[in-house]
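Enquirer: everything below, folded, please.
(chains A, B and C)
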Amino acid sequence: MLKIEGLTAEVEGKQILKGVELEVPAGEIHAIMGPNGSGKSTLSYVLSGREGYEITGGSVSFNGVDLLALEPEERAATGLFLAFQYPVELPGVGNALFLRTALNAVRKARGESELDAMQFLKLARERLKALHISEDMLKRGVNVGFSGGEKKRNEVLQMALLQPKLAILDETDSGLDIDALKIVADGVNALRSPDFSALVITHYQRLLDYIVPDRVHVLMHGRIVQSGGPELAKQLEAEGYASVQAAA
Amino acid sequence: MPAVTETIDTVQSVTEGTYKWGFETDIEMEFAPKGLNEDIVRFISHKKNEPAWLLEWRLKAFALWLKMEEPRWSAVSYPAIDYQDAYYYAAPKQKAKPKSLDEVDPELLKTYAKLGIPLKEQAILAGVEGAGEAPADAGRMPIAVDAVFDSVSVATTFKARLEKEGIIFCSISEAVQNHPELVRQYLGTVVPQGDNFYAALNSAVFTDGSFVYIPKGVRCPMELSTYFRINAKSTGQFERTLIIADEGSTVSYLEGCTAPMRDENQLHAAVVELVALDDASIKYSTVQNWYPGDAEGRGGIYNFVTKRAQCRGRRSKVSWTQVETGSAITWKYPSCVLLGDDSVGEFYSVAITNNRQQADTGTKMIHVGKRTTSTIVSKGISAGRGQNTYRGLVRVAPSAGNARNFTQCDSLLIGDQCGAHTVPYIENRCMTAKVEHEATTSRIAEDQLFYCRQRGLSEEDAVGLIVNGFCREVLKELPMEFAVEAQKLLQISLEGSVG
Amino acid sequence: MTAHPTGHPSGAEGFLHRFEGLRSRLPGARLDFVDALRGEAAEAFRQQGFPTRRVEAWKYTDLRPVAAAGFDEPLTAIDTAPALPPAHGAARAVFVDGRFREDLSQLDGLGYAAANLAVALPRLQGRLGGLAADGAQPMVALNTMLFEDGLVVTVPAGVAAGVLDLVSVATASERPEAFHPRHLIRLEAGASLTLIETATGPSASRYLHNPVYEIEVAEGARLTHARLQQEGDAGFQLSTAYARIAEGGTYDNFTLNAGGKLVRNEIHAVLSGPRAACHMNGAQLLRDGQHADTTTVLDHAAPDCASRQTYKTVLAGRSRGVFQGKIHVHQIAQRTDGYQMNQVLLLSPEAEIDSKPQLEIYADDVKCSHGATVGEIDAEQLFYLRSRGIPEERARAMLVEAFLREAIEGVQDETARAALDAAVTRWWEGQEAAA
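Expert: Have a look, this model is predicted:
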């Protein structure tokens, strides 16, 4: 599904990714762990097409499509979803309008019919209920005045609505209490299917208790330096990144 | 390429696209000679079969105008206007009323079609016999339209229904003929002939406009509406609108306009006077989309308007809402003089400038009566090389005990070649008054755009969405029918220029 | 040349007349650059005269009382020993009627250069008039035309100069006198200085104090400039300050307008280097019959600069307060962070406030906001305090103090802040005594 080969990227002239190799087959959930500054967030922004990141080499193919050639919205339409570490506030933009506009844009790109306000509301309510999120969230401005936990829930709600094929969770667990963490995990687990994959980027092992990954990769100094099963996360938790550094 | 640069490019590609509603209808016109002198004023008055007092009134205005200097204090710049190089009277030739749309000048129908006016309304606008009596679509508020096609009203609709309520809604020329006592009582009492340069010019040569009188206790059953267009080459437009809401009455008035594409700048200097008596309420909404000129600013409309309301009665209320997306230069300050105790003035504004557009707009709230309140919400959006200025005055007289004002001015910049300016004046001489002013300036943040795009929105849609969010407080003040049109306009002038 | 009738001309003509008479005797008359500056200024002043209210920048302040007065140059006896305000530090420069008094000053062994302008003039070519070069400012032109003295300070790179008092005292006189000091303050890279300025005067004499400041804050330097304006009841003070702040430098100005009949505090600050900062705060505390005007123009002319302005005005009796504040963000000044707040408390039904906060923005990546509020003392707060047993007058005083607190707390320097606090307390006590 997702295949990253020899990916190198720079931010403001500084090389951050130095040849990332990674393959996430359909239906699998992979975790990327690594210390601060290892390039985790850069990888998620490069994959989703944020400006300011210069790709200097390598390729990313997503279901056979050259991801790096696409605009951010086109990437979203192909089924890529990034759950932001710090979701931005959009004052004056209602959450319901925003979600419906986004959903219809993606549906349209996929050749599906657009939903009218009533159809959308019905769908949104189902998703809210399934995620135990209050309906109030629809009425508010996008992320405006949301607590950290609410912002993350809103991200999960969007993911549940947009039904991506690949979800990238960029340190979604940071600053969350256990309840919020469970909501995020439930959101991801609910999407699990043979044609859904996820890339869970995290600093800590904690989230992986709830979203059990098929594979764990360690990103350090812009490269994947070690890969393994879920037990690798536990090992890192116990021994720290220094052990990997030594091994690498 | 950084996101910002791309946004600007998108904006430009949209803006530089041809003005969607730029076209010119080819209808026979009857012109007065070019230029402006006392004889032209007399010609206009004679042509309109006006009573002697009105001619005198016009001549006095003309005499005042001759002594006045063109104001230069606003933050706009433009080449000098040659007032002798324009026509001051132009009217489509009147024919017998057509029996059906088939008999209507096809040029006119094309104009309406391009403007997206529904067929039924086209018939009404074109003056087809009996069209006004057709029942309105289910679920849609009927709108009575007084179309100003160039200077003379082509049609007035829904008359029968309004007459039943005793409401007068007609062209001001008709009102002069049929209700001279009302016109004489109120004309120029809110905006005197010598108020300012453009008001004096308007008073001398106004050719038409709308007149509304809502009798005591009547709640106007429909939105009153006028479409303004500027259509004849070099014809300055000098509409005069007068709305009187008698005690306890309520009216909502919509003004909308689009203009054909032009090579020359055209002057538009309308005067709008509103009078609200005890417990009366007037809502005046404008969507202005005149031709803004090309990407270099050539050929746009000069929109120098004087709009003022007097809340004469206790508990009276006037609410101005405007969405200003067009014109090369917009220069207008819809104002409220709050004379009656407990009267209320409101001003909600969205102004967009793109390419070389300039807008200097705002309001004046003059508090005289006790416990008068005013609210000002202004949203300015600058893109391209546009310059956008909010200029407002809140003045509280010693008599206005416990008066309240709240002002919120927000500016949004798109690109680094434009300017956003805020110039509020607060003059308070009343201890118990409370005045609050807030202003912010910001831009569409890259991370906001990226966030939307990551969710699948195109860059244009993302900008449109964010801009609509930015303007929400103002757009929600518009009547439903207008709100949709206004959002479309934001899409066109910003989606077509920004979004 | 204008022909002068016999008698004593007033207004602009009077000043021009005196300039012609004094030109060859003014300090620096034999220095070509000084004389040339004075000549140009005289020409600018001749053309413009005193600004009228038709000039937008003077819309709310009418200078006709100043123009009508007909001022003379001071004739101060050399041994006049006026009462001086309390000192805030060891170093102090005292000016009596605009002229430096060495006997009352202490500028020795400071570790930086501080001298009076009349003495320092020969070394000031290129520096004098370098910032105050705006010919469109009649009051500045008047100062350039007629200045006699002033303070010249240069703090060398890296020197922490501590506190310097700048004292201006006007003495009682039968005839109206005018003085136009010119102060030049320069902080070199990384230097710091706290300049505490006190201006006082006699209560009955009419006089004009028309100071102009040229302030240069170099890279990483920091100037705290606290101005306590306590001129006499009949005095006029029209001050104009020009400040230029280089990369990483900070200019922290606080002006307290408490005295004078008609006062204008005009500041033009230019943030000329990246990450420069400017704080302009102030309070205007006015009694019956006073008019005070604070006018600020803040130019963001470099990226990544921050500016903060908080001005508070308290108006009692028949007084009039004016605030005009403009933030101008140039196209180059991306990532500007600008904030301005103007708040007014009305204690009297006869007071008047005119406020014009202004934003002029030509860059898109900016965060700029301004706000203005006008109101009386909050009735609920007043009631709350009184219900706890606090007498009404005390409760009012507490609320006025709380209102002013925000602006004073913005002053970083402790000495300056304490001086301001004391000045506010003095104002309030005088206010209560008057009531």
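Enquirer: only C-alpha atoms for contact and neighbour calcs from this point on.
Expert: Fine.
Enquirer: so where's the stretch 251-400 of chain B shaky on pLDDT?
Expert: By pLDDT under 70, the low-scoring segments of the stretch 251-400 of chain B are B:257-265.
Enquirer: 80 instead, please
Expert: For the stretch 251-400 of chain B, the stretches with pLDDT under 80 are B:256-266, B:289-300.
Enquirer: where does chain C get nearest to chain A, residue-wise?
Expert: Residue of chain C nearest chain A, by C-alpha to the nearest C-alpha: C:Lys367 (15.0 Å).
Enquirer: neighbours of that residue, just the number please.
Expert: 17 (other C-alpha atoms under 10 Å in any protein chain shown).
Enquirer: residues in chain A within reach of chain B, list them.
Expert: A:48-52, A:72-77, A:81-82, A:87-94, A:98, A:101-103, A:105-106 (C-alpha under 8 Å from any C-alpha of the partner chain).
Enquirer: show the buried residues in those.
Expert: Buried residues within the residues of chain A next to chain B, counting neighbours by 16 or more other C-alpha atoms under 10 Å in any protein chain shown: A:48-51, A:72-77, A:81-82, A:87-94, A:98, A:101-103, A:105-106.
Enquirer: among the residues of chain A next to chain B, which are in strands?
Expert: When the residues of chain A next to chain B are checked against strands (DSSP state E), the matches are A:Phe81, A:Leu82, A:Leu90, A:Pro91, A:Gly92, A:Val93, A:Gly94.
Enquirer: min pLDDT across those, which one?
Expert: Here the lowest pLDDT out of these sits on A:Gly92, with 68.
Enquirer: just the strands from the stretch 251-400 of chain B, written as ranges.
Expert: B:266-268, B:271-276, B:281-289, B:301-311, B:317-324, B:329-332, B:335-338, B:344-353, B:358-361, B:364-367, B:373-383, B:387-396 (DSSP state E, counting those that start in this stretch).
Enquirer: next, format the ones in strands among the residues of chain A next to chain B as JSON lines and append distance to C:Ala141.
Expert: Formatted as JSON lines, these follow (distance: C-alpha to C-alpha, whole Å):
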{"residue": "A:Phe81", "distance to C:Ala141": "65"}
{"residue": "A:Leu82", "distance to C:Ala141": "62"}
{"residue": "A:Leu90", "distance to C:Ala141": "50"}
{"residue": "A:Pro91", "distance to C:Ala141": "48"}
{"residue": "A:Gly92", "distance to C:Ala141": "50"}
{"residue": "A:Val93", "distance to C:Ala141": "52"}
{"residue": "A:Gly94", "distance to C:Ala141": "56"}
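Enquirer: need the max-distance pair from those residues.
Expert: For those, the maximum inter-member distance is 23.6 Å, found between A:Phe81 and A:Gly92 (C-alpha to C-alpha).
Enquirer: how about the helices in the chain?
Expert: Went with chain A since none was named. A:40-48, A:72-77, A:95-109, A:117-130, A:136-139, A:148-162, A:178-191, A:231-239, A:241-247 (DSSP state H).
Enquirer: wrong one, I was asking about chain B
Expert: B:3-16, B:38-47, B:52-67, B:106-115, B:119-125, B:159-164, B:172-178, B:180-186, B:197-205, B:446-454, B:459-470, B:472-475, B:480-490.
Enquirer: any idea how far apart the tips of stretch A:197-215 sit?
Expert: End-to-end distance for stretch A:197-215, by C-alpha to C-alpha, to the nearest Å: 12 Å.
Enquirer: what does chain C have sitting close to chain B?
Expert: So chain C meets chain B at C:331, C:346-376 (C-alpha under 8 Å from any C-alpha).
Enquirer: which residues touch the residue of chain A found nearest chain B?
Expert: Ranked by C-alpha to the nearest C-alpha, the top residue of chain A for proximity to chain B is A:Glu73, at 3.8 Å. By C-alpha atoms under 8 Å, 6 or more residues apart in numbering or on different chains, the contact list for A:Glu73 reads B:Cys452, B:Arg453, B:Gln454, B:Arg455, B:Gly456, B:Leu457, B:Ser458.
Enquirer: what about the residue nearest to the first one when sequence neighbours are not counted, how many neighbours?
Expert: On the basis of C-alpha to C-alpha, 6 or more residues apart in numbering or on different chains, the spatially nearest residue to B:Cys452 that is not a chain neighbour turns out to be B:Ala462, at 5.8 Å. Number of residues near B:Ala462 (other C-alpha under 10 Å) recorded here: 26.
Enquirer: pretty sure C:Arg396 contacts C:Ala379?
Expert: No - the pair C:Arg396 / C:Ala379 is not scored as a contact, 10.1 Å apart, by C-alpha atoms under 8 Å.
Enquirer: need the overlap of contacts for the two.
Expert: By C-alpha under 8 Å, 6+ apart, no residue touches both C:Arg396 and C:Ala379.
Enquirer: relative to B:Glu70, how far out is the nearest residue to B:Glu69 once chain neighbours are set aside?
Expert: Of all residues not flanking B:Glu69 in the chain, B:Phe197 sits nearest, at 6.6 Å (C-alpha to C-alpha, 6+ apart). B:Phe197 sits 6 Å away from B:Glu70, going by C-alpha to C-alpha.
Enquirer: who has more neighbours, those two?
Expert: B:Phe197 (20 against 12).
Enquirer: in contact with the more buried one, which residues?
Expert: With C-alpha under 8 Å, 6+ apart, B:Phe197 has these contacts: B:Trp65, B:Met68, B:Glu69, B:Glu70, B:Pro71.
Enquirer: still on that earlier bit, identify, from the ones in strands among the residues of chain A next to chain B, the entry nearest to B:Phe304.
Expert: Taking these together and measuring to B:Phe304 by C-alpha to C-alpha, the closest member is A:Gly92, at 31.0 Å.
Enquirer: tell me the phi and psi of the closest residue to chain A within chain B?
Expert: Using C-alpha to the nearest C-alpha, the single residue of chain B nearest to chain A is B:Gly456, 3.8 Å away. The phi/psi pair for B:Gly456 (degrees, to the nearest 10) reads phi 110, psi 0.
Enquirer: show me where the stretch 301-435 of chain C has its strands.
Expert: Using DSSP E, counting those that start in this stretch, strands in the stretch 301-435 of chain C cover C:306-315, C:320-329, C:336-346, C:352-361, C:366-376.
Enquirer: picking up where we left off before, what's the closest of the strands of the stretch 251-400 of chain B to B:Ile167?
Expert: Per C-alpha to C-alpha, nearest to B:Ile167 of the strands of the stretch 251-400 of chain B: strand B:281-289, 13.9 Å.
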